[in-house]
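[1] Below is the sequence, then the predicted model.
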Amino acid sequence: MKQYLSAIALFFIFSAIYYLGSFTKIPFADCVGFVLSVEKGEFETAATATSHFLYTNTGILIKNLTGLHAIEASRFLVVVSGAATVAFIYLIVKTITKTQWAAITAAFVFGFSFSFWRNAEIVEVYTYNCLWVSLFFLSMVKAFIEKKNIHIILSSLFLGISLWVHIQNILLIPALLLFLFYFRKEKHYAYSSFILFALLFSSLSILNMSQGLPFKAFYSSDQGTWVEDSLQQTPTQLVKDFFQSFVYLIYNFNIFIFFGIAGMGLLYKTNRKMFTVFFIAALLVYGFSTFYVVSDNYVFFLPFNIIFALSIGYGLSSVKYTSFKKFSWVCLLIPLGYVFAYHTVLLTEKGKEADAFKKYKGGMNYYLLPWMNNNVGILEFTVDNKVAPEPINWMTASAQQYIQLLKSKGYTEDEIRKL
């Protein structure tokens, strides 16, 4: 019971943190497109690579049930999903390690990690996706540790559902199949789990084809050739991508990277099967995210970041590092690290140049600080006919649609600028 009280406490703590730092105005990137979909209130009927079927429809459902504005319904979904994911990180680590302080520390480290914190502050699909992925990981861990066979079935249920949120989770299928192979002696549960996942997975194509879309619609997109571009990179570009992935890792987990590496080694020694399942999941996600040619590829690392946070918790639980318990409070200083990095970058000439170039959407604080309150909004940018020093027409196109929709509902331009 104590662990669940701690999980509930973490949920409310991070709900407050994420809500207080949440965007003041709709940010740039894909945010306005998601809000527009919720504002229209037209449920998604196709599960394509970019429609994010379950995320969009959940946002609409929250809006319809609560009467909240589309912006607030979207904020609620993202913040609650983010806080719940942090609580599940705690429960997973506690289940593996049986160590309270290590589980709480791992939860704070993940909750304060830049990539996750940033996505809990904007309107994006990724915290909701992390919620389902963390439930998938929790189910597998409970099956390994607690030997409760119902979790074999739940693992397939949660991964299957997650595919309806974001198709990137297809990368976790090999880990699921290996997991089911390890539990093959539990024939009833393993077969039932496999069949359930197969049904959830195949339903993506069945739904799409019922509406005249091609079989591959759930994993392909006509909005870009990102996968093809990724496969055509030069060796120099690949090395640059790999280096950039380490920068992301350091910025997310700072000094706790050491414990993450230690946790990998410890799990390998103590539970080889569970290590192999998570290693395959981590490797595929990390590899794809590293070489995927999109401007915001940092978000695709999030399922890997969850696994690494679990490894941090496991590393902390080692008897070698029990003395670190009295210093575990340093995880609360992680936000100061972002402030320090921000001011340090602005002391450099390149940092100043980048800040000036990106000033149209907030400068370097948009890239280096996870909280988004008092941010520059895409709607005010579009209403005022401002011009960016780089192509952002795919953002402003959605913003213009949303502005026209708001005007049709009686909003003035001054009111729109505040949204």
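    Yep, it's here.
[2] next helix or strand past the helix or strand encompassing K240?
    Remark: K240 resides in helix 235-253, with elements defined by DSSP states H and E. As assigned by DSSP H and E, the chain's next helix or strand after helix 235-253 is helix 257-270.
[3] Check which helices and strands that following helix sits against.
    In terms of contacts (3 or more Cβ pairs under 8 Å, 6 or more residues apart in numbering; DSSP states H and E), helix 257-270 is packed against helix 235-253, helix 272-291, helix 302-316. From N, CA and C alone the C-beta is placed, and that goes for glycine too.
[4] Just give me how far the last one sits from the chain centre.
    The one in question is helix 302-316. With Cα atoms, centre = their mean, to the nearest Å as the basis, helix 302-316 stands 14 Å off its chain's centre.
[5] Next, the angle from it to helix 235-253.
    50 degrees (axes from the mean of the first three to the mean of the last three Cα atoms, to 10 degrees).
[6] Just the buried residues of the helix holding K240, please?
    Buried positions in helix 235-253, judged by neighbour count with 16 or more other Cβ atoms under 10 Å: 241, 245, 248-249, 251-253.
[7] Between its first and last residues, how far does stretch 200-218 reach?
    Start and end residues of stretch 200-218 are separated by 13 Å (Cα to Cα, to the nearest Å).
[8] For that stretch, which outside residues touch it?
    45-49, 156-157, 160-161, 163-164, 167, 173, 220 (Cβ atoms under 8 Å, 6 or more residues apart in numbering).
[9] So, low pLDDT: which residues of the stretch 1-150 of the chain?
    1 (pLDDT under 70).
[10] coming back round to it: got CSV for the buried residues of helix 235-253, with pLDDT and distance to Q400 too?
    Converted to CSV, the buried residues of helix 235-253 look like this (pLDDT from 0 to 100; distance: Cβ to Cβ, whole Å):
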residue, pLDDT, distance to Q400
D241, 79, 33
S245, 88, 35
Y248, 92, 32
L249, 94, 37
Y251, 94, 34
N252, 95, 34
F253, 95, 39
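[11] Spatially central residue for this protein, please.
    Y126 (3.4 Å; Cα atoms, centre = their mean).
[12] residues in contact with the residue lying closest to that residue once chain neighbours are set aside?
    In space, Y126 comes closest to N119 once its chain neighbours are excluded; the distance is 4.4 Å by Cβ to Cβ, 6 or more residues apart in numbering. When contacts are counted by Cβ under 8 Å, 6+ apart, N119 is found next to 78, 82, 126-127, 299, 302.
[13] for those, which one is nearest V133?
    Nearest to V133, judged by Cβ to Cβ, of the contacts of N119 is L302 at 7.9 Å.
[14] To I150, which of the helices and strands packed on helix 257-270 lies closest?
    helix 272-291 (17.8 Å).
[15] For that closest one, which outside residues touch it?
    The contact list for helix 272-291 (Cβ under 8 Å, 6+ apart) reads 137, 140-141, 144, 168, 171-172, 174-175, 178-179, 182, 230, 233, 238, 241-242, 244-245, 264, 267-268, 297-298, 300-301, 303-304, 307-308, 310-311.
[16] Selecting buried members of these in PyMOL, what would you type?
    Selection of buried members from the contacts of helix 272-291 for PyMOL, criterion 16+ other Cβ under 10 Å:
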select buried, resi 137+140+141+144+168+171+172+175+179+182+230+241+245+264+267+297+298+300+301+303+304+307+308+310+311
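[17] picking up where we left off before, among the contacts of N119, which lie within helices?
    In this view, the contacts of N119 that belong to helices under DSSP state H are 78, 82, 126-127, 302.
[18] Could you dump these into a markdown table and include distance to I195?
    Listed next are the ones in helices among the contacts of N119 as a markdown table, based on distance: Cβ to Cβ, whole Å:
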| residue | distance to I195 |
| --- | --- |
| V78 | 33 |
| G82 | 32 |
| Y126 | 29 |
| T127 | 30 |
| L302 | 29 |
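[19] if we take those residues, which one ends up nearest to I8?
    Closest to I8, out of all of the ones in helices among the contacts of N119 and judged by Cβ to Cβ, is G82, at 15.2 Å.
[20] List the contacts of the closest one.
    14, 18, 111, 116-117, 119-120, 127, 130.
[21] What ranges does the chain have for its strands?
    With DSSP state E as the criterion, the chain has no strands.
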